[in-house]
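Enquirer: I need the structure of the sequence given here:
(4 chains)
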Number of protein chains: 2
Amino acid sequence: MVDDAEKKLLADVGYRIRETRATQSLSLEQLARLTGISAPALSLIETGKRDPRLTTLKRIADALRVPPATLIADDSDTVEPSAPAPSGGYDLGEYQ
Amino acid sequence: MVDDAEKKLLADVGYRIRETRATQSLSLEQLARLTGISAPALSLIETGKRDPRLTTLKRIADALRVPPATLIADDSDTVEPSAPAPSGGYDLGEYQ
DNA sequence: GTCGAAATTACCGTTAAAGATAAATTTCCT
DNA sequence: AGGAAATTTATCTTTAACGGTAATTTCGAC
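Expert: Predicted coordinates for the structure are as follows:
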């Protein structure tokens, strides 16, 4: 965690988590209980100050009921163009 | 890293990394040089024995020239098939 | 069967993630 | 403004990621 692009990635991912949490009106405390991750740790992740492990991201994605990949998707490329909106899916949030 | 689903995630992601590396005919040593991550560490990640950090995944994805999200892409389901998500939510039940 | 490249495993040391707790700060509501 | 809730920040401890190195192991070619 030193690189500049890496900081941006962490900030972006954190921002997406925060937005998703906001759309569900969850507090950090509530998300902490859902994920088993402490509220201070979640705060650090959402503000891009911590480099979370893969399983940590997954626990957050699961609690927010979004595919982990959507939290990571970098602006240059979203998930497969061949796969339109997951029909079964996560309606959650009108993310452009 | 204890949960069973988490182990599967790590194994899946590792497998995708290995596959991608194989299609490019790269050795662990070569990928290690490209990423700055040691070959033993890469081996552990590819075999699902290590829980990599987000920036570690990104360095691997960058070196392999694939979007990070493709390495994570779950088989579009992390949610339990038997229990359809209650429309309003995974409510915090007693917690809220 | 031997040789050598590639990969796995096993140490060790450093660094950072994560939980817990408390304190400080910000935000929101009346 | 005042107060409560939410968030951030600070410490401290435990655990694990990561690099380095070396020792195995695996596997294909000869």
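
Enquirer: Whether the longest helix along chain A contacts DNA strand C - can you check?
Expert: Ranked by residue count, the top helix of chain A under DSSP state H comes out as helix A:4-23. No - contact of helix A:4-23 with DNA strand C (Cβ under 7 Å from any atom of the strand) is absent, the minimum separation being 8.3 Å. Where C-beta positions appear, they are placed from N, C-alpha and C, glycine not excepted.

Enquirer: Tell me the first helix or strand C-terminal of that helix.
Expert: Sequence-wise, the next helix or strand downstream of helix A:4-23 (DSSP states H and E) is helix A:28-35.

Enquirer: now that next one and helix A:4-23, what's the angle there?
Expert: With axes from the mean of the first three to the mean of the last three Cα atoms, to 10 degrees defining the directions, helix A:28-35 sits at 100 degrees from helix A:4-23.

Enquirer: Quick one: list the elements packing against the very next helix or strand once past helix A:28-35.
Expert: Sequence-wise, the next helix or strand downstream of helix A:28-35 (DSSP H and E) is helix A:39-46. Secondary-structure packing of helix A:39-46 (3 or more Cβ pairs under 8 Å, 6 or more residues apart in numbering or on different chains; DSSP states H and E): helix A:4-23, helix A:28-35, helix A:54-64.

Enquirer: for the record, mean pLDDT for the first one?
Expert: Within the predicted structure, the mean pLDDT of helix A:4-23 is 93.

Enquirer: can you count the residues close to A:Ala41?
Expert: A:Ala41 has 15 neighbours, counted by other Cβ atoms under 10 Å in any protein chain shown.

Enquirer: what about A:Asp4, neighbour count?
Expert: Neighbour count for A:Asp4, taken as other Cβ under 10 Å: 7.

Enquirer: A:Thr35 now?
Expert: Neighbour count of A:Thr35, defined by other Cβ under 10 Å: 19.

Enquirer: With A:Ser38 instead?
Expert: 12.

Enquirer: Need the phi and psi values for it.
Expert: For A:Ser38, the backbone dihedrals are phi -60, psi 150 (criterion: degrees, to the nearest 10).

Enquirer: can you tell me which residues contact it?
Expert: For A:Ser38, the contact set (Cβ atoms under 8 Å, 6 or more residues apart in numbering or on different chains) comprises A:Ala32.
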